[in-house]
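# Here's a sequence, model it:
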Amino acid sequence: PKGTMAFAGKYEFEGDENYDAFVQKIGLPSDKVEMGRNCKIVTEVVQNGNDFTWTQHFPGGRTTTNSFTVGKEADMETMGGRSFKATVKMEDGKLVADFPNYRHTAEISGGKLVETSTSSGVVYKRTSKKIA
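Here you go, the predicted structure:
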């Protein structure tokens, strides 16, 4: 069946595109903007069927974790640390979530974790390489 893509693993930030334009568009506070720039975030994904635990480890020990089941509403946290409810969907092997002011997709492409966030036509792309 569709949607059995293996996301599970640990991924380390490799590069991104359009960071500044995107965080400006979503109104991220400047201290958070600096913190996130070229940040060696390690993303850890635990997948059990349609159940996911998605943890981002930031340098300095801060982590954010979003747990969700595909197709069911879940409590999530934005890049800026705000809580909201979202339903993550699986579309063509990509995880898709509508955040309050952007749409986020994640996919495994060429063994890498590719995340794309789009806000009013500004597309931010982050690529992470698999490390475990």
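# hey, let's count contacts and neighbours off CA atoms from now on
Will do.
# Report the contact partners of the spatially closest residue to residue 83 that is not a sequence neighbour.
Leaving out its chain neighbours, the residue that sits closest to residue 83 by CA to CA, 6 or more residues apart in numbering is residue 77, at 4.5 Å. With contact taken as CA atoms under 8 Å, 6 or more residues apart in numbering, residue 77 is in contact with 64, 65, 66, 83, 84.
# Who are the contact partners of residue 66?
Contacts here follow CA under 8 Å, 6+ apart; on that basis residue 66 touches 53, 54, 55, 75, 76, 77.
# quick one: average pLDDT of the helix or strand where it lies?
Per DSSP states H and E, residue 66 falls inside strand 63-69. Average pLDDT, strand 63-69: 93.
# Tell me which stretches of this protein form strands.
Ranges of strands in the chain, per DSSP state E, are 9-17, 42-48, 51-57, 63-69, 73-77, 83-87, 89-91, 94-98, 103-109, 112-119, 122-130.
# Identify each buried residue in the strand holding residue 66, please.
For strand 63-69, a neighbour-count test (16 or more other CA atoms under 10 Å) marks 67, 68, 69 as buried.
# how big is the angle separating that strand from strand 42-48?
20 degrees (axes from the mean of the first three to the mean of the last three CA atoms, to 10 degrees).
# Adjacent strands (with direction) for strand 63-69?
Strands that pair with strand 63-69, judged by DSSP bridges, come out as strand 51-57 (antiparallel).
# any idea how far the strand it pairs with is from the chain center?
Computed by CA atoms, centre = their mean, to the nearest Å, the separation of strand 51-57 from the middle of its chain amounts to 9 Å.
# buried set for that strand?
By neighbour count on 16+ other CA under 10 Å, the buried set for strand 51-57 is 52, 54, 55, 56, 57.
# what does stretch 104-115 give?
104, 105, 106, 107, 108, 112, 113, 114, 115.
# Number of residues surrounding residue 120?
Using other CA atoms under 10 Å, residue 120 is surrounded by 11 other residues.
# Just the mean pLDDT for stretch 111-131, thanks.
The average pLDDT within stretch 111-131 is 95.
# ugh, typo on my part, it should be stretch 86-97
Computed over stretch 86-97, the average pLDDT equals 94.
# List the residues that contact residue 9.
Residues near residue 9 by CA under 8 Å, 6+ apart: 44, 45, 46, 130, 131, 132.
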